[in-house]
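Participant: Provide a 3D model corresponding to the input given below.
(one chain, ligands or ions: 1)
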Amino acid sequence: MELPWAEPYRIKMVESIARSTREQREEWIKRSKYNLFKLNSDEVFIDLLTDSGTGAMSDAQWAALMTGDESYAGSRSYRMLHKSVEEITGFPLLLPVHQGRAAENVLFSVLLKEDMVIPGNAHFDTTKGHIEMRRAHAVDCTIDEAYDIYDAHPFKGNIDLEKLERVYKEHDKERIPFCLITVTCNTSGGQPVSMENIRAVKELSDRYGVPVWFDAARYAENAYFIQQREEGYAEKSVREIVREMFSYGQGMTMSSKKDGLVNIGGFIALRDEEIYRAASNFTIIYEGYVTYGGMSGRDMAALAVGLQESAGEDYLETRIEQVRYLGEKLHEAGVPIQYPVGGHAVFVDATKFLPNVPKEEYIAQTLAIELYLEAGVRGVEIGTLLADRDPETRENRYPRLELLRLALPRRTYTNNHMDYVAAALIRVYERREEITKGYKIVYEPEILRHFSVELEKN
Ligand code: F0G
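Facilitator: Next up, the predicted model:
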């Protein structure tokens, strides 16, 4: 008999999580105005709201934490982080910041001006927020296959080169400060970008004089997919693949809360001295001095170790396989999900799942609420609420995919938890025909409305 697969770690510390009754959950979600962000965490049994900052650190990271150097300037922990970032990414210059969106804020303060155009593969919502706040425009050039959940394309995060070239032809070079490749592409389902595509984007962008930057929050997961799926990479290590990916970019913004394997933090890593200097000023204004940028020394030390661990192949296999395990269970039961399954989350197609709820009533949010009521599992809407209103017309933007995301924190839950989540969602699926009504908005802010929107039942 072949030996079964098992996780390459054991558990040193446990954290209790609380079950609840449906009655309790009905009261809690009503009090939360049907916005899952407003729930208290102890009202959630299994929390798949995000994989961001919710993972478990290793014993080596906790040990590094104790060695943190909290000096304001020239901290040893900063130097340790710098060495780790340069070794993994190849970028020689580093600016730590407190999280990914802070990296966007600092970098875009240098590179973006009103009316500029930033092409890429489905920019993340804070990225888009930072672009639109500066009255610039994010243009989604993701391949069409990404929007067909059953298309088996192995790299549904890829950029469509024709769409990209159209952007390059339509606008003056001065108006396109960079092309942004998000690895993996969160918005299209944690879908990877192939090396071939990254290389082609780089070549095309070079021809038009446009630099390439990475939103690299999940770069290690992307590299693992390249190793597993792309011809010519099976024999390469994840570390080699990461170095090659980044060799095509001028720099990266990073949310360390994902593939940095820490609970808070971020950075900008880059090659260009001039941009580094300009960004240093914004770092000092918005974040903190350049050798800490909003992070404590101990957090930088833990991140330095986390970056090394997340390039580990055993770790990545465990991580990606768990996401696939949940995805396959749902897929086998007929639940419509973005397929093949991405790196950090399973994305459920809410429009196909709940055919009787009108799109004006926020289908994916309705499904997220149903799953919470069913079993205390918290997912997140990646649909019309998240897509926000058009900044000019103020009309709802209906995205091409209306999704419920079940994001898996790293090294946190077991496959028993995955069985529970799958069973809960399948139970909702079995009574999908009865769900005919969604929600209406009673309050929303100007931008990034999904965090604070308040809803009422229709
Ligand atoms: N870029 C991507 C691709 C992201 O997924 C995120 C965050 C950010 C940038 C911003 O980073 O949160 O550290 O400020 N994504 C989280 C999520 C919030 O749940 O997907 P941050």
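Participant: hang on, Glu456 in a strand?
Facilitator: Yes - Glu456: assigned to a strand according to DSSP: H, G, I helix; E, B strand; the rest coil.
Participant: Leaving out the residues flanking it, which one is nearest to it?
Facilitator: Val442 (5.1 Å; Cβ to Cβ, 6 or more residues apart in numbering). All C-beta spots, glycine's among them, are computed from the backbone N, C-alpha and C.
Participant: and the one you found, how many residues sit next to it?
Facilitator: 11 (other Cβ atoms under 10 Å).
Participant: three-state assignment of it?
Facilitator: strand.
Participant: Tell me who's in contact with it.
Facilitator: Each residue near Val442 by Cβ atoms under 8 Å, 6 or more residues apart in numbering is listed here: Lys33, Glu454, Leu455, Glu456.
Participant: Which residue does this protein have closest to the ligand?
Facilitator: Of all residues in the chain, the one sitting closest to the ligand is Gly100 (2.3 Å; Cβ to the nearest ligand atom).
Participant: got the residues of the stretch 101-250 of the chain near the ligand?
Facilitator: Arg101, Phe124, Thr126, Thr127, Thr182, Asn186, Asp215, Ala217 (Cβ under 6 Å from any ligand atom).
Participant: Which strand or helix spans the first one?
Facilitator: Just to be clear, that refers to Arg101. Per DSSP states H and E, Arg101 falls inside helix 100-111.
Participant: so for that helix, what's the average pLDDT?
Facilitator: In this model, helix 100-111 has a mean pLDDT of 98.
Participant: List of residues touching that helix?
Facilitator: With Cβ under 8 Å, 6+ apart, helix 100-111 has contacts from 95, 97, 126-127, 129-131, 134, 177-178, 213, 215, 217, 251, 253-258, 266-268, 275, 278-279, 282-283, 286-287, 293-294.
Participant: Show me how to select, in PyMOL, the buried members of those.
Facilitator: Buried residues within the contacts of helix 100-111, by 16 or more other Cβ atoms under 10 Å, are selected in PyMOL with:
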select buried, resi 95+97+126+127+129+130+131+134+177+178+213+215+217+251+253+254+255+256+257+258+266+267+268+275+278+279+282+283+287+293+294
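Participant: buried set for the strand or helix carrying Thr366?
Facilitator: Assigned by DSSP H and E, Thr366 belongs to helix 363-375. For helix 363-375, a neighbour-count test (16+ other Cβ under 10 Å) marks 363-375 as buried.
Participant: for it, packing partners?
Facilitator: helix 22-31, helix 350-353, strand 377-378, strand 380-382, helix 384-387, strand 403-407, helix 415-430, strand 439-443 (3 or more Cβ pairs under 8 Å, 6 or more residues apart in numbering; DSSP states H and E).
Participant: touching the ligand at all, the third one?
Facilitator: In other words, strand 377-378. No - shown here: strand 377-378 not in contact with the ligand (Cβ under 6 Å from any ligand atom), separated by at least 11.9 Å.
Participant: same question, stretch 302-315
Facilitator: No - Stretch 302-315 does not reach the ligand (Cβ under 6 Å from any ligand atom); its nearest approach is 12.2 Å.
Participant: how far does that stretch sit from the chain's center?
Facilitator: Centroid separation for stretch 302-315 versus its chain: 17 Å, with Cα atoms, centre = their mean, to the nearest Å.
Participant: Report the rounded mean pLDDT for it.
Facilitator: If you average the pLDDT over stretch 302-315, you get 97.
Participant: ditto for stretch 273-287
Facilitator: The average pLDDT within stretch 273-287 is 98.
Participant: so Val242 sits right up against Glu221, yeah?
Facilitator: No - contact between Val242 and Glu221 fails when scored by Cβ atoms under 8 Å: they sit 10.6 Å apart.
Participant: Any stretches of the stretch 51-200 of the chain with poor pLDDT?
Facilitator: Within the stretch 51-200 of the chain, no stretch has pLDDT under 70.
Participant: Any idea how far stretch 245-258 is from the middle of the chain?
Facilitator: The answer for stretch 245-258 is 13 Å, by Cα atoms, centre = their mean.
Participant: Kindly apply the preceding question to stretch 35-43 instead.
Facilitator: How far stretch 35-43 lies from its chain's middle: 20 Å, per Cα atoms, centre = their mean.
Participant: likewise stretch 98-115?
Facilitator: 17 Å.
Participant: export it as CSV, just CAs?
Facilitator: C-alpha atoms of stretch 98-115 as CSV (Å, rounded to 0.1, in the frame of the first residue of the first chain):
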residue,chain,number,x,y,z
HIS,A,98,2.8,48.7,7.4
GLN,A,99,0.8,46.7,4.8
GLY,A,100,0.2,46.2,1.0
ARG,A,101,-2.0,49.2,0.5
ALA,A,102,0.6,51.4,2.1
ALA,A,103,3.1,50.2,-0.4
GLU,A,104,0.6,51.2,-3.1
ASN,A,105,0.1,54.6,-1.5
VAL,A,106,3.8,55.4,-1.3
LEU,A,107,4.7,54.1,-4.7
PHE,A,108,1.7,55.7,-6.5
SER,A,109,2.4,59.0,-4.8
VAL,A,110,5.6,58.9,-6.8
LEU,A,111,4.5,57.5,-10.1
LEU,A,112,0.8,58.4,-10.6
LYS,A,113,-0.8,61.7,-11.8
GLU,A,114,-4.3,62.5,-12.7
ASP,A,115,-5.7,60.9,-15.9
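Participant: What residues sit buried inside it?
Facilitator: Buried-residue list, stretch 98-115, by 16+ other Cβ under 10 Å: 98-112.
Participant: At which residues are the helices of the stretch 51-200 of the chain located?
Facilitator: Assigned by DSSP state H, counting those that start in this stretch, the helices in the stretch 51-200 of the chain fall at 59-66, 76-89, 100-111, 125-133, 161-170, 195-207.
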